[in-house]
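Student: Predicted model follows, preceded by the sequence.
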Amino acid sequence: MADKSSESKSFKEQFIDPVAGFGVTFRTMFRKVVTEQYPFEKLPTAPRFHGRHQLNRWPDGLEKCIGCELCAWACPADAIYVEGASNSDDVANGGERFSPGERYGRVYQINYLRCILCGLCIEACPTRALTMTNEYELADDNRTDLIYEKSDLLAPLLPGMEQPPHPMADGLDEGDYYRGIFAGNTTPAGTGGESA
Amino acid sequence: MTTTPDKTATDLVSVTIDGIQVDVPKDTLVIRAAEQVGVQIPRFCDHPLLAPVGACRQCLVEVPDAGNGRGFPKPQAACTLPVAPGMVVSTQITSEVADKAQQGVMEFLLINHPLDCPVCDKGGECPLQNQAMSNGQGESRFVASGSGGVKRTFPKPINLSPQVLLDRERCIVCQRCTRFAEEIPGDPFIALVERGAMQQIGIAENAPFLSYFAGNTIQICPVGALTSESYRFRSRPFDLVSSPSVAEHDACGSAIRVDHRRGKVVRRLAGNDPEVNEEWITDKDRFAFTYATQDDRLTYPQVRDTDGSLRPASWPEAFAVAARGLAAARQQGGVGVLTGGRLTGEDAYAYSKFARVALGTNDVDFRARPHSAEEASFLAAHVVATGPDGGAVTFGDLETAATVVLVGFEPEDEAGAIFLRLRKSAVHHRTRVLAVAPFTTRGLSKMNGTLLPTAPGDEPATLASLLGHADHGIDSTAVILVGERLATVPGALSAAVDLAARSGARLAWVPRRAGDRGAVEAGCLPNLLPGGRPVADAAARVDAATAWGVDSLPEAPGRDGDAIVAALLAGDLGGLVVAGVEPADTTDPAATTAALAAASFVVALGLRANDVTRAADVVLPVAPVTDKAGTFVNWEGRVRGFDAVLSNPASLPDLRVLAGIAEELAALGHGAPLGFRTVEEVWSEMAQIGPWDGARAAFEPVALATSGAQGAQGLVLSSWKLMLDHGSMQDGDKHLAATARPAVARVGRAVHDACGPTVTVTGDRGSITLPAEVAPDIVDGVVWLPAGSTGRGLLADVASPGTRVTVTGGTP
């Protein structure tokens, strides 16, 4: 380069270089378009995308949440509010059971104005009650509707599930639930559950 | 004043701990001596107020020289090893042997301890969690061996009592709870059962851990094994905001810590006040706090509408209506003031000043219970304006006294902290406890006490016989504790004063309610102005009038509670200002209820709706103790101040409400405004007025009543309130209520044989049927019933204590 004089330009400099940039344009014309026609056309996210939360259920419909508030404690944005209450099998005196074990989450709110979808709450949950879906459309025109209640977050009732409150399955205790043992499914589900 | 008075005179012993020489009293344990040089040896079973046991082995230290030139060959438990002259101790700070030993013990303790700290109530304030971090190692060698890493588990949890739950897998068998139960309250209902890895805390079948002090075990448990039904899984320590406060359930003034979260109190713990309650509180102090959040809590003022119903009103309207009604009632004979015994000192002062300045009367009485003029005279002459600074009896004095005489007073039920202190001194220092009572109660037997069998009404004779008695005569080293119940026995307080004067023994009055003593100091009595100024003393009246900036104070001696009720019924009084009074507690519940109806105008200040507020013309809600600052004065005369726990601008203290009414009254031309609106202003005004420095009121003794009713039919009724009963301040905690002692009638063997296991007791106000239990040493002709554990209470349903009742066999 040093021996080239600056006053005389080469052929490449004079004719090729000014149009070389269009090469990128031409090349791209024959490539697949990356533009997504959102919201007319919705594409799936990555499988582990951090979207809206979901409160899971056991196969019989009982809630997995035990109201321990660890998610609220893990939350760096203070977006989760939980109030626990006690389960009771004393149906005659108005007792209700929403989850196996002693406690359930009576109030469960996630404020999506605050949530940063970091997933620390999911790591904190001791029963895998809280997981994240791929649902990402978390926008609204008012603040109130962005505070999701327990009813908004609970997983839908699948076939075979019964709406709580109802007692635990016959002959099972909460340990059996955590180990994943159900009627007709006596093998541990392998989800870990309580780490002994 | 110290609670361990004989420590200063003992010899000092010089020991070397981690190379630092320190002089400590003889028999000090190494673990405490190490604290003196700033070394914290890890521990679980050790507790300063419990006897050393060496159960957990966590506090192992190396002792190279036991003081005799030879060392111990193996590490020793510092919590059971007393110091010796010249002893050399190396803790985990300087000794690898001690450090390794401690880490090994910690590894053993954690073999079966579950790793559920994130969901455990203790997590965050757990000694095991903390010391596993500071003195344990990160890895356990027991994970993959023998058991395959599976920890021993138990079905969880089990109830030791309706209130106390035990998670057995969390327990490290340090035995703090069993030692507490045996050593402190003397209720050994829990013990170690099984052996080896299955060793656990257990209760006998059908014998739950029913102790008035069971909640303390939850607090001293160094792991999360013991939890309470009311707090379990409600919160975590780091969620809570803690405020020091004072218990409002008895006259001991126990220090407590109130933990609240999201604007609601979730638990209360014992505070540490060595001069008052040490580190223990009663279960009532610990668990009975839900009364303030019940559905019937009053939240807005109400006034009686033209159609006779109560309707909501604004504060200014309620003040104006109350002032107009009270002004009219003043014209119709006057207004009485019944304050009840639950007020803080500042609120009681406001009632006292309101009665004198705004209503122009001395008709004010805090005693919402059977009382007498003799008692009022006794309080004015011997109780008011005394305190620990002035040499009055203190908790510490109970410990050092050679003899303590209990008259009309059952400490276990009526003042838990006194019971624990008396039991401690009776067991350790051989204080002799004498009880003037009809039978030996469980509390008395736990204090190794001696019963001076006395039927209700015969207390004066028993007291008179104590002077120079061959077996249990008393002298100047004795303390006489008189309960508030003694007011119902004519001449009994006179006899106690006489006995104290002749023997030189010291005398103290123990009321049952937290606000009683403060109300005495504030002058909520017909014969007393604030600071112990006698109403009858012109100079005292002038002194108070000058301080309050008014021309004069009413001269005429006031009516006491019973007289106010009688005057309302007779139409001599027109109106009534009433606060915190349950008609069922008063001398004659039916008369009090009738008086509320007969009064032309009633202003009720209350926390929750009750019969009084339903009968009132103006209802004004007031703040519970959690929402306001204040002071309680305990039975010693010790001032126990506390701050507001919760910030609730909508709930006003009584003094603010009274100030509002007084301002409206002043605008109508009656009296003067009170001149304060906040607790701080009242406090500074009280401090400015101070106690009366003139002559005290003279005691007017009442002649000993001759028991002329010897030939009367029936049995004499004896009674007091159990600690846990149907009291409205225990509402809302069904688990606490389930730990209450069952309501039984205590009768003599002859009565039991004649009437069977169920008896019907009939008095002049009604009858009641209860299971009967034999009290072996009960005085002939006496039957005992709990005062507040049945129906509307004994005074309303059966008869007054001390009157004659008939006992017949009943059908359950």
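Tutor: Received, thanks.

Student: which helices and strands sit right next to the lengthiest strand in chain A?
Tutor: Longest strand in chain A, counting residues (DSSP state E): strand A:103-111. With contacts defined as 3 or more C-beta pairs under 8 Å, 6 or more residues apart in numbering or on different chains; DSSP states H and E, the packing partners of strand A:103-111 are strand A:53-55, strand A:80-86, strand A:147-148, helix A:150-153. For glycine as for every other residue, the C-beta is placed from the backbone atoms N, C-alpha and C.

Student: What residues does residue 158 make contact with?
Tutor: The chain I'm using is chain A. By C-beta atoms under 8 Å, 6 or more residues apart in numbering or on different chains, residue A:158 lies in contact with residue A:57.

Student: wrong one, I was asking about chain B
Tutor: Residues counted as contacts of residue B:158 (C-beta under 8 Å, 6+ apart) are B:165, B:166, B:168.

Student: Now flag whichever of those is closest to chain A.
Tutor: For the contacts of residue B:158, the minimum distance to chain A (C-beta to the nearest C-beta) is 9.9 Å, reached by residue B:165.

Student: What is the burial count for the spatially closest residue to the closest one that is not a sequence neighbour?
Tutor: Spatial nearest neighbour of residue B:165, chain neighbours left out: residue B:157 (4.5 Å); criterion: C-beta to C-beta, 6 or more residues apart in numbering or on different chains. Residue B:157 is flanked by 19 other residues according to other C-beta atoms under 10 Å in any protein chain shown.

Student: any idea how far the spatially most central residue of chain A lies from chain B?
Tutor: The centre of chain A sits closest to residue A:132, judged by C-alpha atoms, centre = their mean, with a distance of 1.0 Å. Distance, residue A:132 to chain B, using C-beta to the nearest C-beta, to the nearest Å: 20 Å.

Student: Just the strands from the stretch 651-800 of chain B, written as ranges.
Tutor: In the stretch 651-800 of chain B, the strands defined using DSSP state E, counting those that start in this stretch lie at B:715-720, B:745-747, B:758-763, B:766-774, B:782-786.

Student: Throw those into TSV and include distance to residue B:202, mean neighbour count and mean pLDDT, thanks.
Tutor: Shown next, in TSV, are the strands of the stretch 651-800 of chain B (distance: least, C-beta to C-beta, whole Å; neighbours: other C-beta atoms under 10 Å in any protein chain shown; pLDDT from 0 to 100):
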stretch	distance to residue B:202	mean neighbour count	mean pLDDT
strand B:715-720	33	23	94
strand B:745-747	30	24	95
strand B:758-763	33	21	94
strand B:766-774	27	17	94
strand B:782-786	30	25	95
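
Student: hang on, the earlier thing: what about the contacts of residue B:158, which one has the most neighbours?
Tutor: Neighbour counts for the contacts of residue B:158 (other C-beta under 10 Å) peak at residue B:166, which has 27 neighbours.

Student: Sketch out the strands for the stretch 101-250 of chain B, chain order is fine.
Tutor: For the stretch 101-250 of chain B, the strands defined by DSSP E, counting those that start in this stretch occupy B:158-159, B:164-166, B:190-193, B:200-203, B:226-228, B:241-246.

Student: With mean pLDDT added, can I get those strands in a markdown table?
Tutor: Listed next are those as a markdown table, based on pLDDT from 0 to 100:
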| stretch | mean pLDDT |
| --- | --- |
| strand B:158-159 | 92 |
| strand B:164-166 | 95 |
| strand B:190-193 | 92 |
| strand B:200-203 | 91 |
| strand B:226-228 | 95 |
| strand B:241-246 | 96 |
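
Student: Which of the helices or strands spans residue B:100?
Tutor: Taking DSSP states H and E as the criterion, residue B:100 maps to helix B:96-109.

Student: got the residues of chain B near chain A?
Tutor: B:114-116, B:118-119, B:149-151, B:153, B:155, B:232-234, B:236, B:239 (C-beta under 8 Å from any C-beta of the partner chain).

Student: quick one: contacts for the closest residue to chain A within the stretch 401-550 of chain B?
Tutor: For the stretch 401-550 of chain B and chain A, the shortest gap (C-beta to the nearest C-beta) falls at residue B:416, measuring 28.8 Å. Counting by C-beta under 8 Å, 6+ apart, residue B:416 makes contact with B:212, B:213, B:250, B:252, B:254, B:281, B:282, B:284, B:285, B:723.

Student: 7 Å - rerun?
Tutor: B:212, B:213, B:250, B:252, B:282, B:723 (C-beta atoms under 7 Å, 6 or more residues apart in numbering or on different chains).

Student: how about low-confidence regions in the chain?
Tutor: Looking at chain A here, since you left the chain open. For chain A, residues meeting the criterion pLDDT under 70 lie at A:1-7, A:182-196.

Student: I was after chain B.
Tutor: Judged by pLDDT under 70, the stretches of chain B that qualify are B:1-10, B:144-149, B:705-711, B:812.

Student: Just want the most central residue of it.
Tutor: Nearest to the mean C-alpha position of chain B, by C-alpha atoms, centre = their mean, lies residue B:250 at 2.9 Å.

Student: in terms of contact, does that one touch residue B:514 like I think?
Tutor: Yes - with contact defined as C-beta atoms under 7 Å, residue B:250 reaches residue B:514; the gap is 6.3 Å.

Student: Now residue B:807. Its backbone dihedrals?
Tutor: Backbone torsions of residue B:807, given as degrees, to the nearest 10, read phi -120, psi 130.

Student: For it, name its beta-bridge partners.
Tutor: residue B:761 (DSSP bridges).

Student: distance of it from residue B:650?
Tutor: Going from residue B:807 to residue B:650 by C-beta to C-beta, to the nearest Å gives 51 Å.

Student: and these two? which has more neighbours close in?
Tutor: A direct count of neighbours by other C-beta under 10 Å for residue B:807 and residue B:650 places residue B:807 higher, at 22 against 9.
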